[in-house]
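Chemist: heads up, no residue letters with this:
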């Protein structure tokens, strides 16, 4: 298993273009497996449960860059605010306000991505363009000093129809371009497009992704947690 993780990681990194950030999705994985990926040289890991992440963090090296990649509840922000490197899925002004508040308590500026709903599935979270634009134009957003919007994030429909997936990723790139033009023209920090997972990352990269979130291709099949 140990050699498998390190081999998978090296193989995967050799396949993706330079300049693409790989987030190794370590959710539900034990610390020992994350340490194996770390020992292979990887430093960026993604978790989707705030308390689980807060428990894992002290058990692993300090130079890990932790990304929060799941739906984040406002009452859980406090667990990760002191150390999280990037929050991928901001889908409301209320959540952004809470992140700003907790970042202020930790004397930090937390980079965040705005999550867009690009999939056909209703169960996925995310903003549409008008909602994102309204959020960014609000006085409340403009008063926030402890968050930084670093780009956008989206999840495509879980399907074998890669042409549908491609259209959805293309729409996210379009949202990114419009936001850049209308709200972040002079902001060099606004540069990330987080899209693409184990089943669709190649299409995501072709459509402009800068961050891909990969779990099973590194750690193997998901384990059931109780």
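Modeler: That came through, no problem. On a predicted model such as this, the values are computed, not experimentally measured, just so you know.
Chemist: and the longest helix for the protein?
Modeler: The longest helix of the chain (DSSP state H) is helix 162-182.
Chemist: what ranges do the strands span in the chain?
Modeler: With DSSP state E, the ranges of strands along the chain come out as 21-25, 44-47, 65-68, 86-90, 110-116, 147-154, 192-194, 211-214.
Chemist: Give me the sheet partners of the third one and which way each runs.
Modeler: I take that to be strand 65-68. For strand 65-68, the paired strands and their directions (DSSP bridges) read strand 44-47 (parallel), strand 86-90 (parallel).
Chemist: what do you get for the first one?
Modeler: Strand partners for strand 21-25, identified by DSSP bridges, are recorded as strand 44-47 (parallel), strand 211-214 (parallel).
Chemist: That strand - what's its average pLDDT?
Modeler: Per-residue confidence for strand 21-25 averages out to 97 on the pLDDT scale.
Chemist: what does that strand rub up against?
Modeler: 9, 12-13, 16, 34, 37, 42, 44-48, 67, 69, 192, 194, 197, 210-215, 218-219 (Cβ atoms under 8 Å, 6 or more residues apart in numbering). No exception for glycine: its C-beta is placed from N, CA and C like everyone else's.
Chemist: go on, stretch 89-107?
Modeler: By Cβ under 8 Å, 6+ apart, the surrounding residues in contact with stretch 89-107 are 68-72, 74, 77-78, 81-82, 87, 109-110, 112-115, 125-127, 135, 138, 140-141, 144-147, 153.
Chemist: Give me the buried positions along the helix or strand bottoming out on mean pLDDT in the chain.
Modeler: Evaluated with mean pLDDT, DSSP states H and E, the helix-and-strand set of the chain has its lowest mean pLDDT in helix 2-15, which scores a mean of 86. Using 16 or more other Cβ atoms under 10 Å as the test for burial, helix 2-15 gives 5-6, 8-9, 12.
Chemist: now stretch 126-136
Modeler: For stretch 126-136, the neighbour count (16+ other Cβ under 10 Å) marks 126-127, 131-133, 135-136 as buried.
Chemist: Quick one: residues contacting residue 154.
Modeler: When the contact criterion is Cβ under 8 Å, 6+ apart, the partners of residue 154 are 115-119, 126, 168-169, 172, 175, 194-195.
Chemist: Residue ranges in this protein under the pLDDT threshold?
Modeler: Judged by pLDDT under 70, the chain has its weakly predicted residues at 1-2, 124, 222-226.
Chemist: List the contacts of the residue most central in space within it.
Modeler: With distances taken as Cα atoms, centre = their mean, the chain has residue 88 as the residue nearest its mean C-alpha position (3.4 Å). Contacts for residue 88 were tallied using Cβ under 8 Å, 6+ apart; they are 46, 67-69, 112-113, 115, 153, 194, 211, 213.
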